[in-house]
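Engineer: Turn this into a structure:
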Amino acid sequence: MEEPLTEDMLTELLEAPDPARFIDRAEVGRRDLAGYLNQLLEEHGLKRAAVVRVAGINETFGYQIFTGARKASRDNLLKIAFALGASLRETNRLLQAGGANELYCKNRRDAIIIFAISHGYSLQKTEEELYRFGEPTIS
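Structural biologist: Okay, the predicted model is just below:
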């Protein structure tokens, strides 16, 4: 089943008699990071160990992120997103599920990362672009 558009859900929320009824009916909840990571693994046909390795994250720490035992920093979530080959939408959802700010195009560093994701750059190439523009790298 396709996920409803945010605009459609907003219209329903604004027309609802109270927020509880909307939340119950629309099954609105918090996105679980571990669940979303595992969903992305399945959708992209990847294995957790390979993603953690490509992301350059310690294997034990990576396992803890994927099981929900540890919280990841925004940059570690970005590394995982690049390792997954995640789209911009998937990356922002991943950041949100991890309790981090979504990428914001008015932020210079984020704009470079958004461009890189949208153009299929690897983590390494993205790091080079960030460095070239004098922005902090992800690693």
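Engineer: Check whether the residue of the chain most remote from its centre sits in a helix, strand or coil.
Structural biologist: Most distant from the centre of the chain: P17, at 32.3 Å, with distances by C-alpha atoms, centre = their mean. Following DSSP: H, G, I helix; E, B strand; the rest coil, we place P17 in the coil state.
Engineer: Phi first, then psi, for it.
Structural biologist: As for P17, its main-chain torsions (degrees, to the nearest 10) stand at phi -70, psi -30.
Engineer: Point out the other elements, helices or strands, that the least confident helix or strand in the chain by mean pLDDT touches.
Structural biologist: For the chain, using mean pLDDT, DSSP states H and E, the weakest element among its helices and strands is helix 19-26, scoring a mean of 73. Counting by 3 or more C-beta pairs under 8 Å, 6 or more residues apart in numbering; DSSP states H and E, the packing neighbours recorded for helix 19-26 are helix 6-15. Backbone N, C-alpha and C define where each C-beta goes, glycine included.
Engineer: what angle do the helix it packs on and helix 19-26 make?
Structural biologist: 140 degrees (axes from the mean of the first three to the mean of the last three C-alpha atoms, to 10 degrees).
Engineer: Count the residues that sit near E59.
Structural biologist: 11 (other C-beta atoms under 10 Å).
Engineer: Provide a list of residues in contact with it.
Structural biologist: A49, V52, R53 (C-beta atoms under 8 Å, 6 or more residues apart in numbering).
Engineer: The same query, at a cut-off of 10 Å, please.
Structural biologist: Shown in contact with E59 (C-beta atoms under 10 Å, 6 or more residues apart in numbering): R48, A49, V52, R53.
Engineer: Check the gap between Q96 and T137 for me.
Structural biologist: Distance, Q96 to T137, by C-beta to C-beta, to the nearest Å: 22 Å.
Engineer: if you count what's nearby, which of the two comes out ahead?
Structural biologist: Using other C-beta under 10 Å as the criterion, Q96 and T137 rank with Q96 on top: 16 against 13.
Engineer: pLDDT (mean, whole number) over stretch 37-47?
Structural biologist: Stretch 37-47 carries an average pLDDT of 95.
Engineer: how far does that stretch sit from the chain's center?
Structural biologist: Computed by C-alpha atoms, centre = their mean, to the nearest Å, the chain-centroid distance of stretch 37-47 equals 13 Å.
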